[in-house]
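> how would this look folded up:
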Amino acid sequence: MTKYFLILTMLITTVSYSQNTLKAVVKNGKTNELLIGVTAQISNTNIVNATDKNGFVELKNIPNGKQQITFSYSGYETKIESLDFPLSVNDTLQVSLESSEGTELNEVVVQSMRTSRTIKNTPTRLEVMNAEELDEKSNMKVANVSMVLQESTGINVQQTSATSGNASIRMQGLDGRYSQLLKNGYTNFGNFASGLSILEIPPLDLQQVEVIKGPASTLYGGGAIAGVINFISKKPKEKSEYNMILNQSNVGQSNIGVYASKRKGKFGYTLMGLVNFQKAYDVDKDSFTEIPKGNNFTVNPQLFYYPNESSSLMIGNSFTKGDLRGGDMQVVKGYSDDTHTYFEENNTTRNTTTVEFDKKSENKNSFKLKQSLSFFDRKINIPNYLFSGLNTNAYIDASYVWNKEKYTVIGGVNLIYDNFKQRDIATLDSKSFTTGAYIQHTWDITENIKLENGFRLDNVQYSNQNYSENQIFVLPRVSALFIINHQWSSRIGGGLGYKMPSVFTEQTETMQYQNLLALNNVVAEKSIGGTFDVNFKDKITDDLSFSMNHMFFSTKINKPLVLQNINTVYFFVNADNPITSNGFETNLKFVYDENIKLFVGYTFTDVKAKYLQGNQFLPLVPKNKLNLILMYEKEDDFKIGLEGYFTDNQYLYNGSQTPTFWKFGAMAQKTLWENYNVFINFENFTDTRQSNYKGVVNGPVNNPTFDEIWTYTEGFVFNFGVKMKF
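Okay, the predicted model is just below:
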């Protein structure tokens, strides 16, 4: 019996000796940030664990001998450590993981929230289109940013004119007036300028585009009901950058663009210039233009002065001039007669001067003062009618940021002056003056919970020939980020918003503001809205990664401004019942072997105008939209992509429904030499266009009327060009 006991004791001792323990701490190899939720596993065993909030992980019961320990984390390169057990020294293993290609978004510093945080640590839900995406989209539309937005989930670019191509942006299915367009944080694209704004912003000098969906009232005030789109320009670096692009399309558009930047010592500069030439284009041979004849150019120089490492001063000026002429092809070509008389001209001049001073303290606090002065001059001319005016906008904002270990506080004040003067007749003259004060607090409650709350107080004075109004708006806002683990996170946010009344809307744009009365005793539209999203990311296999974002949104606008007419005279009133917008967006991304990427985007939108009798669906809003993008890219060599977009039925203003439709596109880009890229793009190669269903132009040639635009008008377009970098 004693013999068997000794044998059993020796076996237990041997087994116990072979059960080893490994302790490790895992960090970001670049920032030394502790990584939570990293998977550590002994290869070919079920011994696995994940790092805690301190980046610490412990593996137990490891057999003797040489073992491979795999450390894996979504967005980082997998690392394998080979160790012989038992270990000679039982110190805690220090492991560093390097970010993998395709996860740049995790390290992008967002600017729209002014907190200098990366996107993954920002409580407000925010989407970023980086320089790579913008480079791809600029191949499709060199002249402006319309393609950048049109093919984004949850954003619609709505064409407002059949002959001039004017367009506006819709988010969450709401009219364009409920979204704010910014360039580097400046609000110079609203009211009279809104119908042409996205057509006059080139993508050539953009570093990134940031999109906030849902209320963003704290920092941006009135108009930020459906969301904010901020176009952010590049800044000069020590390494010089000189780019040039040449482009030609089958629809008669030619583009020449240049961008240059350089910083040397205390001085730096950026310079962007773009010239666009467009021939009149009639795809359906109905003798009316789908694309107007036009010429426009933009030049935007910026000078930077860095007196020391903590201060900077920027002075910039952007000048854009455009002339568009559409309508009867015979008239556009200069051969009008008694029958062929119809045309539509848009002549615009935009000049924006900006000044920005930034001072950072040793304790990471910062002060920023920014100012802009913008003039937008526009003439709309059709037979026997001319509408012309000058919109002046002045903006000044002073803010201070306090950065502490666990929180960031932003406080500031701003002033906005907006004045529209109609030429020849002062019917629609108006002006407003907004004084605002705001504060925003971002608090890292724990490593996994981050809270952001804000408060804005605006006082708006508005006046026109009929009445004057003084309104005060109290705008609270709150959002939170919950990091559940390395795979799951969630954001929730909501707030109040408002929009001051304006006669410049999508509907009045389509009628060139004819027979339109000035506002009279109307009040601001007020909103309450919010978003909630869930994020997931993981690796399906070593070569295949997957990420998902699912967002719900809801917005209610009270006292909406509605266009009415009596005997062809048009005027605005506040409706008693609200507009509601509810829905969700789903974005899926698959990346295989870092080179093949599949994007899937789906949007469900249910927008209702409760003031309507019977059918309450808001016109020109598809309930379902699907985006599909497949890309193959070999870095610095070759990329090719295929796109497909589905749009559901839409209601028109007369209550009828449009058909559903698909649009497909393909593009390719090849690096021939180190500094030269050639590209070709086939947009809408299935030739989906509205005239395939019914002619857009109605009535006599000399006095036509036009159907509402609910799909593409120009049909199949291809373009090709070359990009040069020096």
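> contacting residues for residue 523?
Going by Cβ atoms under 8 Å, 6 or more residues apart in numbering, residue 523 touches 469, 471, 501, 559, 574. (Glycine included, C-beta is placed from N, CA and C.)
> any idea how far the third one is from residue 561?
For residue 501, the distance to residue 561 under the criterion Cβ to Cβ, to the nearest Å works out to 6 Å.
> hey, what's in contact with both of those two?
Residues touching both residue 501 and residue 561 (Cβ under 8 Å, 6+ apart): 522, 525, 572.
> Those residues in strands, which ones?
Counted as lying in strands by DSSP state E, out of the shared contacts of residue 501 and residue 561, are 525, 572.
> which of the shared contacts of residue 501 and residue 561 tops the neighbour count?
Ranked by the number of neighbours (other Cβ atoms under 10 Å), those place residue 525 first, at 24 neighbours.
> beta partners for that one?
With DSSP bridges as the criterion, residue 525 is bridged to residue 499.
> Residue 366 contacts residue 360, correct?
Yes. The criterion here is Cβ atoms under 8 Å, and residue 366 meets it with residue 360 at 4.5 Å.
> Grab the nearest non-local neighbour of the residue most central in space within the chain.
The residue lying closest to the centre of the chain (Cα atoms, centre = their mean) is residue 211, at 3.5 Å. Of all residues not flanking residue 211 in the chain, residue 127 sits nearest, at 4.4 Å (Cβ to Cβ, 6 or more residues apart in numbering).
> element containing the residue nearest to the centre of the chain?
Assigned by DSSP states H and E, residue 211 belongs to strand 206-213.
> how about the helices of the chain, start to end?
Secondary structure of the chain (DSSP state H): helices located at 2-18, 104-107, 131-140, 146-150, 217-220, 329-332, 506-510.
> Which of the ones you listed has the lowest mean pLDDT?
Lowest mean pLDDT of these: helix 2-18, a mean of 44.
> ok, so what distance separates residue 640 from residue 334?
Residue 640 is 42 Å from residue 334, where distance means Cβ to Cβ.
> and the end-to-end length of stretch 57-72?
End-to-end distance for stretch 57-72, by Cα to Cα, to the nearest Å: 13 Å.
> I'd like to check what contacts that stretch. Which residues are they?
With contact meaning Cβ under 8 Å, 6+ apart, stretch 57-72 is reached by 17-26, 38-43, 47-51, 78-86, 95, 97, 539.
> For residue 411, which residues count as its bridge partners?
On the basis of DSSP bridges, residue 411 takes part in beta bridges with residue 400, residue 439.
> Look at it and report its pLDDT.
With respect to pLDDT, residue 411 scores 96.
> So residue 640 and residue 334 - more neighbours on which side?
It is residue 640, of residue 640 and residue 334, that has more neighbours when counted by other Cβ under 10 Å, with 15 against 7.
> Hmm, residue 629 and the more buried one touching each other?
No. At 11.7 Å, residue 640 does not count as touching residue 629 under the criterion of Cβ under 8 Å.
> in this structure, what secondary structure element scores lowest on mean pLDDT?
One helix or strand of the chain scores below all others by mean pLDDT, DSSP states H and E: helix 2-18, with a mean of 44.
> Low-confidence ranges, this protein, go.
Applying pLDDT under 70 to the chain flags residues 1-18, 74-75, 100-107, 163-165, 193-198.
> Now do the residue nearest to the centre of the chain against residue 172, distance only.
The gap separating residue 211 from residue 172 is 12 Å, by Cβ to Cβ.
> Find residues that contact each of those two.
Going by Cβ under 8 Å, 6+ apart, residues that sit against residue 211 and also against residue 172 are residue 227.
> if we take the contacts of residue 523, which one ends up nearest to residue 724?
Closest approach to residue 724 among these (Cβ to Cβ): residue 501, at 48.0 Å.
> which residue sits closest to that closest one, ignoring its sequence neighbours?
Leaving aside its sequence neighbours, residue 501 sits nearest to residue 522 (Cβ to Cβ, 6+ apart; 4.7 Å).
> quick one, what contacts residue 307?
Applying Cβ under 8 Å, 6+ apart, we find residue 307 in contact with 266, 313.
> Quick check: the gap between it and residue 678.
The spacing between residue 307 and residue 678, counted by Cβ to Cβ, is 43 Å.
> Wait, the residue nearest to residue 211 touches residue 210, no?
Yes. Residue 127 is in contact with residue 210 according to Cβ under 8 Å; the separation is 7.2 Å.
> tell me, what's touching those two both at once?
With contacts taken as Cβ under 8 Å, 6+ apart, residue 127 and residue 210 have no neighbour in common.
> how near is the residue nearest to residue 183 when sequence neighbours are not counted to residue 185?
Nearest residue to residue 183, sequence neighbours excluded (Cβ to Cβ, 6+ apart): residue 231, at 5.0 Å. If you measure residue 231 against residue 185 using Cβ to Cβ, the figure is 10 Å.
> who has more neighbours, the two?
More crowded of residue 231 and residue 185, by other Cβ under 10 Å: residue 231, with 26 against 22.
> which residues touch the more buried one?
145, 181-184, 201, 206, 209.
> repeat for residue 675
724-726.
> got it, and residue 670?
Contact analysis of residue 670 by Cβ under 8 Å, 6+ apart lists 637-638, 677-679.
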